[in-house]
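Engineer: sequence-free structure coming up:
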Ligand SMILES: NC(=O)c1ccc[n+]([C@@H]2O[C@H](COP(=O)([O-])OP(=O)(O)OC[C@H]3O[C@@H](n4cnc5c(N)ncnc54)[C@H](OP(=O)(O)O)[C@@H]3O)[C@@H](O)[C@H]2O)c1
(Lines give C-alpha, C1' and ligand atoms only; values in the text may rest on other atoms or scores of the structure.)
Protein backbone atom coordinates (compact mmCIF):
# COMPACT_ATOMS: atom_id res chain seq x y z
CA UNK A 1 0.00 0.00 0.00
CA UNK A 2 2.66 2.64 0.96
CA UNK A 3 4.73 1.55 -2.04
CA UNK A 4 1.73 1.95 -4.38
CA UNK A 5 0.96 5.38 -2.85
CA UNK A 6 4.52 6.52 -3.46
CA UNK A 7 4.56 5.16 -7.01
CA UNK A 8 1.33 7.00 -7.87
CA UNK A 9 1.80 10.30 -6.06
CA UNK A 10 5.58 10.45 -5.54
CA UNK A 11 8.40 10.96 -5.67
CA UNK A 12 7.64 14.54 -4.59
CA UNK A 13 4.50 16.26 -3.25
CA UNK A 14 3.89 19.99 -3.13
CA UNK A 15 1.97 21.30 -0.10
CA UNK A 16 0.82 24.90 0.32
CA UNK A 17 0.07 26.17 3.82
CA UNK A 18 2.38 23.58 5.39
CA UNK A 19 3.50 25.73 8.33
CA UNK A 20 0.55 24.83 10.59
CA UNK A 21 -2.74 22.99 11.00
CA UNK A 22 -4.06 20.72 8.26
CA UNK A 23 -1.20 21.46 5.81
CA UNK A 24 1.45 20.64 8.41
CA UNK A 25 -0.38 17.38 9.22
CA UNK A 26 -0.60 16.50 5.50
CA UNK A 27 3.16 17.13 5.12
CA UNK A 28 3.88 14.86 8.10
CA UNK A 29 1.60 12.11 6.76
CA UNK A 30 3.20 12.32 3.31
CA UNK A 31 6.66 12.05 4.87
CA UNK A 32 5.43 8.98 6.78
CA UNK A 33 4.45 7.54 3.36
CA UNK A 34 7.97 8.19 2.04
CA UNK A 35 7.40 11.17 -0.28
CA UNK A 36 9.89 14.01 -0.64
CA UNK A 37 8.29 17.42 -0.23
CA UNK A 38 8.12 20.96 -1.55
CA UNK A 39 6.59 23.03 1.25
CA UNK A 40 5.30 26.58 0.97
CA UNK A 41 3.99 29.22 3.40
CA UNK A 42 5.07 32.66 4.56
CA UNK A 43 6.65 31.47 7.84
CA UNK A 44 9.73 29.75 6.39
CA UNK A 45 11.34 29.41 9.84
CA UNK A 46 8.62 26.88 10.66
CA UNK A 47 9.05 25.10 7.34
CA UNK A 48 12.83 24.91 7.83
CA UNK A 49 12.33 23.37 11.29
CA UNK A 50 9.79 20.91 9.86
CA UNK A 51 12.16 19.98 7.00
CA UNK A 52 14.91 19.20 9.52
CA UNK A 53 12.54 17.14 11.65
CA UNK A 54 11.23 15.13 8.68
CA UNK A 55 14.75 14.47 7.43
CA UNK A 56 15.78 12.96 10.75
CA UNK A 57 12.52 11.08 11.41
CA UNK A 58 11.79 9.78 7.88
CA UNK A 59 14.91 10.51 5.82
CA UNK A 60 12.94 12.52 3.27
CA UNK A 61 14.20 15.60 1.43
CA UNK A 62 12.31 18.88 1.61
CA UNK A 63 12.52 22.06 -0.43
CA UNK A 64 11.18 25.14 1.33
CA UNK A 65 9.63 27.92 -0.76
CA UNK A 66 8.64 31.07 1.07
CA UNK A 67 5.70 32.76 -0.58
CA UNK A 68 2.74 34.98 0.13
CA UNK A 69 -0.17 33.60 -1.89
CA UNK A 70 -1.99 36.93 -1.59
CA UNK A 71 0.51 38.03 -4.28
CA UNK A 72 -1.19 37.21 -7.61
CA UNK A 73 2.17 36.22 -9.17
CA UNK A 74 3.08 33.72 -6.41
CA UNK A 75 1.41 30.58 -7.89
CA UNK A 76 3.22 31.08 -11.23
CA UNK A 77 6.52 31.48 -9.34
CA UNK A 78 5.93 28.17 -7.54
CA UNK A 79 5.22 26.43 -10.87
CA UNK A 80 8.34 27.99 -12.43
CA UNK A 81 10.66 27.26 -9.47
CA UNK A 82 9.61 23.59 -9.32
CA UNK A 83 9.91 23.06 -13.10
CA UNK A 84 12.65 20.45 -12.77
CA UNK A 85 11.00 18.59 -9.87
CA UNK A 86 8.92 15.47 -10.49
CA UNK A 87 5.84 16.47 -8.48
CA UNK A 88 3.14 13.79 -8.40
CA UNK A 89 0.79 15.31 -5.84
CA UNK A 90 -0.30 18.94 -5.54
CA UNK A 91 -1.90 19.80 -2.21
CA UNK A 92 -3.53 23.23 -2.45
CA UNK A 93 -4.34 23.78 1.18
CA UNK A 94 -3.34 27.31 2.23
CA UNK A 95 -6.30 29.43 3.22
CA UNK A 96 -7.88 31.58 5.87
CA UNK A 97 -11.30 32.86 6.82
CA UNK A 98 -12.96 36.21 7.26
CA UNK A 99 -16.14 35.73 9.24
CA UNK A 100 -18.91 37.74 10.88
CA UNK A 101 -21.70 39.99 9.63
CA UNK A 102 -20.81 40.54 5.96
CA UNK A 103 -21.00 44.35 5.96
CA UNK A 104 -18.65 44.57 8.95
CA UNK A 105 -15.88 42.39 7.46
CA UNK A 106 -12.71 44.10 6.33
CA UNK A 107 -12.79 44.70 2.55
CA UNK A 108 -9.00 44.43 2.11
CA UNK A 109 -8.87 41.14 4.06
CA UNK A 110 -11.70 39.84 1.90
CA UNK A 111 -9.71 40.68 -1.26
CA UNK A 112 -6.62 38.87 0.13
CA UNK A 113 -8.81 35.91 1.02
CA UNK A 114 -9.97 35.62 -2.59
CA UNK A 115 -6.33 35.57 -3.74
CA UNK A 116 -5.22 32.92 -1.25
CA UNK A 117 -8.36 30.75 -1.17
CA UNK A 118 -9.42 30.95 -4.84
CA UNK A 119 -6.85 32.46 -7.20
CA UNK A 120 -3.91 30.41 -5.83
CA UNK A 121 -5.49 26.92 -6.09
CA UNK A 122 -6.90 27.72 -9.55
CA UNK A 123 -3.57 29.00 -10.93
CA UNK A 124 -1.52 26.24 -9.28
CA UNK A 125 -3.78 23.56 -10.75
CA UNK A 126 -3.57 25.29 -14.14
CA UNK A 127 0.23 25.34 -14.02
CA UNK A 128 0.67 21.82 -12.66
CA UNK A 129 -1.91 19.78 -14.61
CA UNK A 130 0.13 19.62 -17.86
CA UNK A 131 3.04 18.17 -15.84
CA UNK A 132 0.79 15.65 -14.06
CA UNK A 133 -0.83 14.66 -17.35
CA UNK A 134 2.58 14.08 -18.94
CA UNK A 135 3.40 11.65 -16.10
CA UNK A 136 0.05 9.85 -16.54
CA UNK A 137 -0.37 9.45 -12.80
CA UNK A 138 -0.71 11.66 -9.75
CA UNK A 139 -3.21 13.72 -7.84
CA UNK A 140 -4.52 17.10 -6.79
CA UNK A 141 -5.90 17.63 -3.31
CA UNK A 142 -7.79 20.87 -2.67
CA UNK A 143 -8.67 21.89 0.87
CA UNK A 144 -12.09 23.53 0.69
CA UNK A 145 -14.54 23.37 3.63
CA UNK A 146 -18.02 22.10 4.44
CA UNK A 147 -18.88 25.80 4.22
CA UNK A 148 -18.29 25.54 0.48
CA UNK A 149 -21.21 23.12 0.18
CA UNK A 150 -23.95 25.68 0.95
CA UNK A 151 -23.94 29.46 1.48
CA UNK A 152 -23.28 30.08 5.18
CA UNK A 153 -24.81 33.13 6.89
CA UNK A 154 -22.25 35.15 8.91
CA UNK A 155 -19.51 33.47 6.89
CA UNK A 156 -20.82 34.53 3.48
CA UNK A 157 -17.52 35.61 1.90
CA UNK A 158 -15.46 32.66 3.21
CA UNK A 159 -18.22 30.25 2.29
CA UNK A 160 -18.34 31.74 -1.23
CA UNK A 161 -14.56 31.40 -1.57
CA UNK A 162 -14.74 27.72 -0.64
CA UNK A 163 -17.72 27.15 -2.98
CA UNK A 164 -15.37 28.19 -5.79
CA UNK A 165 -12.86 25.56 -4.67
CA UNK A 166 -15.60 22.88 -4.52
CA UNK A 167 -16.78 23.76 -8.05
CA UNK A 168 -13.20 23.90 -9.37
CA UNK A 169 -12.40 20.52 -7.83
CA UNK A 170 -15.60 18.91 -9.08
CA UNK A 171 -15.11 20.19 -12.62
CA UNK A 172 -11.49 19.04 -12.69
CA UNK A 173 -12.45 15.64 -11.25
CA UNK A 174 -14.63 15.17 -14.31
CA UNK A 175 -11.99 16.48 -16.73
CA UNK A 176 -9.28 14.22 -15.31
CA UNK A 177 -11.21 10.97 -15.77
CA UNK A 178 -9.00 8.59 -17.72
CA UNK A 179 -5.81 10.66 -17.28
CA UNK A 180 -4.52 8.82 -14.19
CA UNK A 181 -4.86 12.00 -12.12
CA UNK A 182 -7.03 11.77 -9.01
CA UNK A 183 -8.73 14.97 -7.85
CA UNK A 184 -10.12 15.20 -4.33
CA UNK A 185 -11.74 18.24 -2.75
CA UNK A 186 -11.45 17.92 1.00
CA UNK A 187 -14.29 19.57 2.93
CA UNK A 188 -13.35 19.60 6.61
CA UNK A 189 -15.68 20.68 9.38
CA UNK A 190 -14.21 22.23 12.52
CA UNK A 191 -10.59 21.06 12.74
CA UNK A 192 -7.93 21.75 15.38
CA UNK A 193 -5.52 24.31 13.91
CA UNK A 194 -4.36 27.89 14.37
CA UNK A 195 -7.59 28.95 12.62
CA UNK A 196 -9.75 27.44 15.37
CA UNK A 197 -7.38 28.00 18.33
CA UNK A 198 -9.18 29.94 21.05
CA UNK A 199 -12.63 29.67 19.41
CA UNK A 200 -15.20 28.85 22.03
CA UNK A 201 -18.10 26.42 21.73
CA UNK A 202 -16.77 24.48 18.74
CA UNK A 203 -18.27 20.99 18.83
CA UNK A 204 -17.08 17.90 16.96
CA UNK A 205 -13.54 19.20 16.53
CA UNK A 206 -11.43 16.79 14.50
CA UNK A 207 -7.65 16.62 14.86
CA UNK A 208 -5.55 17.81 11.90
CA UNK A 209 -3.57 14.52 11.70
CA UNK A 210 -6.85 12.57 11.45
CA UNK A 211 -8.13 14.87 8.67
CA UNK A 212 -4.79 14.53 6.84
CA UNK A 213 -4.72 10.74 7.02
CA UNK A 214 -8.35 10.38 5.92
CA UNK A 215 -7.81 12.80 3.02
CA UNK A 216 -4.77 10.91 1.72
CA UNK A 217 -6.49 7.53 2.21
CA UNK A 218 -9.42 8.80 0.11
CA UNK A 219 -7.58 10.47 -2.80
CA UNK A 220 -9.32 8.08 -5.20
CA UNK A 221 -12.79 8.72 -3.71
CA UNK A 222 -13.48 12.17 -5.22
CA UNK A 223 -14.96 14.45 -6.19
CA UNK A 224 -15.58 15.70 -2.63
CA UNK A 225 -14.86 14.24 0.79
CA UNK A 226 -16.10 15.34 4.23
CA UNK A 227 -13.79 13.69 6.77
CA UNK A 228 -16.08 13.86 9.86
CA UNK A 229 -19.34 11.86 10.03
CA UNK A 230 -21.10 14.57 12.06
CA UNK A 231 -20.45 17.25 9.43
CA UNK A 232 -21.08 14.83 6.56
CA UNK A 233 -24.58 14.08 7.89
CA UNK A 234 -25.28 17.69 8.90
CA UNK A 235 -24.44 19.16 5.48
CA UNK A 236 -26.19 16.35 3.59
CA UNK A 237 -29.32 17.18 5.62
CA UNK A 238 -28.95 20.94 5.01
CA UNK A 239 -28.48 20.46 1.27
CA UNK A 240 -31.54 18.21 1.04
CA UNK A 241 -33.76 20.81 2.77
CA UNK A 242 -35.65 23.55 0.94
CA UNK A 243 -32.91 26.20 0.59
CA UNK A 244 -34.88 29.03 2.25
CA UNK A 245 -35.56 26.85 5.29
CA UNK A 246 -31.95 25.68 5.58
CA UNK A 247 -30.49 29.21 5.31
CA UNK A 248 -33.02 30.80 7.68
CA UNK A 249 -32.33 28.06 10.24
CA UNK A 250 -28.55 28.49 9.96
CA UNK A 251 -28.83 32.29 10.28
CA UNK A 252 -31.08 31.98 13.33
CA UNK A 253 -28.66 29.49 14.94
CA UNK A 254 -25.71 31.88 14.38
CA UNK A 255 -27.63 34.87 15.79
CA UNK A 256 -28.52 32.86 18.91
CA UNK A 257 -24.86 31.91 19.42
CA UNK A 258 -23.58 35.51 19.02
N1 LIG B 1 -9.54 24.51 10.78
C2 LIG B 1 -10.76 24.37 10.31
O3 LIG B 1 -11.73 24.22 11.10
C4 LIG B 1 -11.01 24.34 8.83
C5 LIG B 1 -12.26 23.90 8.39
C6 LIG B 1 -12.50 23.87 7.02
C7 LIG B 1 -11.52 24.23 6.13
N8 LIG B 1 -10.32 24.67 6.58
C9 LIG B 1 -9.31 25.06 5.58
O10 LIG B 1 -8.14 24.31 5.81
C11 LIG B 1 -7.01 24.99 5.25
C12 LIG B 1 -5.89 25.01 6.27
O13 LIG B 1 -6.28 25.82 7.38
P14 LIG B 1 -5.99 25.43 8.89
O15 LIG B 1 -7.28 25.25 9.57
O16 LIG B 1 -4.97 24.36 8.94
O17 LIG B 1 -5.44 26.82 9.41
P18 LIG B 1 -4.01 27.35 9.86
O19 LIG B 1 -3.45 26.51 10.94
O20 LIG B 1 -4.21 28.79 10.09
O21 LIG B 1 -3.10 27.13 8.54
C22 LIG B 1 -3.24 27.95 7.41
C23 LIG B 1 -2.03 27.73 6.51
O24 LIG B 1 -2.20 28.55 5.34
C25 LIG B 1 -1.06 29.36 5.17
N26 LIG B 1 -1.41 30.66 4.65
C27 LIG B 1 -2.36 31.52 5.11
N28 LIG B 1 -2.32 32.68 4.43
C29 LIG B 1 -1.30 32.56 3.52
C30 LIG B 1 -0.74 33.42 2.55
N31 LIG B 1 -1.17 34.70 2.38
N32 LIG B 1 0.29 32.97 1.78
C33 LIG B 1 0.77 31.72 1.95
N34 LIG B 1 0.28 30.85 2.86
C35 LIG B 1 -0.73 31.28 3.65
C36 LIG B 1 -0.47 29.51 6.57
O37 LIG B 1 0.95 29.72 6.48
P38 LIG B 1 1.70 31.11 6.88
O39 LIG B 1 0.85 31.82 7.87
O40 LIG B 1 3.01 30.64 7.43
O41 LIG B 1 1.85 31.81 5.57
C42 LIG B 1 -0.74 28.14 7.16
O43 LIG B 1 0.28 27.25 6.82
C44 LIG B 1 -7.52 26.37 4.84
O45 LIG B 1 -7.76 26.39 3.45
C46 LIG B 1 -8.83 26.50 5.61
O47 LIG B 1 -9.73 27.38 4.99
C48 LIG B 1 -10.03 24.72 7.91
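Structural biologist: Here it is on my side, so go on. It should be emphasised that the depicted structure is a prediction, and the values quoted were computed from it without experimental measurement.

Engineer: right, is stretch 226-243 up against the ligand?
Structural biologist: No: judged by C-beta under 6 Å from any ligand atom, stretch 226-243 stays clear of the ligand, getting no closer than 9.1 Å. Any C-beta I mention is one placed from the backbone N, CA and C, and that applies to glycine too.

Engineer: need the contact list for residue 181.
Structural biologist: By C-beta atoms under 8 Å, 6 or more residues apart in numbering, the contact set of residue 181 is 129, 132-133, 137-140.

Engineer: how about 10 Å then?
Structural biologist: 8, 88-90, 128-129, 132-133, 135-140, 172-173, 175 (C-beta atoms under 10 Å, 6 or more residues apart in numbering).

Engineer: Take these and keep only those in helices.
Structural biologist: Within the contacts of residue 181, residues falling in helices by DSSP state H are 8, 128-129, 132-133, 135, 172-173, 175.

Engineer: how about TSV for those, with pLDDT added?
Structural biologist: Shown next, in TSV, are the ones in helices among the contacts of residue 181 (pLDDT from 0 to 100):
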residue	pLDDT
8	97
128	98
129	98
132	98
133	98
135	97
172	99
173	98
175	98
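
Engineer: Just the buried ones from the residues you listed?
Structural biologist: Neighbour counting with 16 or more other C-beta atoms under 10 Å marks 8, 128-129, 132, 172-173 as buried within these.

Engineer: TSV for those residues, including distance to the ligand?
Structural biologist: Converted to TSV, these look like this (distance: C-beta to the nearest ligand atom, whole Å):
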residue	distance to the ligand
8	23
128	17
129	20
132	21
172	17
173	18
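
Engineer: Which two among those are spaced furthest apart?
Structural biologist: Across those, no pair lies farther apart than 8 and 172, at 17.2 Å, counting by C-beta to C-beta.

Engineer: All the strands of the stretch 151-258 of the chain, residue numbers only.
Structural biologist: 181-186, 224-225 (DSSP state E, counting those that start in this stretch).

Engineer: from those, which stretch is densest packed?
Structural biologist: Mean neighbours per residue, mean count of other C-beta atoms under 10 Å, is largest over those for strand 181-186, with a mean of 26.

Engineer: now it: how far from the chain's centre is it?
Structural biologist: The chain centre lies 10 Å from the centre of strand 181-186; the measure is C-alpha atoms, centre = their mean, to the nearest Å.

Engineer: if you look at that strand, does any of it touch the ligand?
Structural biologist: No: no part of strand 181-186 sits near the ligand under the criterion C-beta under 6 Å from any ligand atom; the closest distance found is 7.9 Å.
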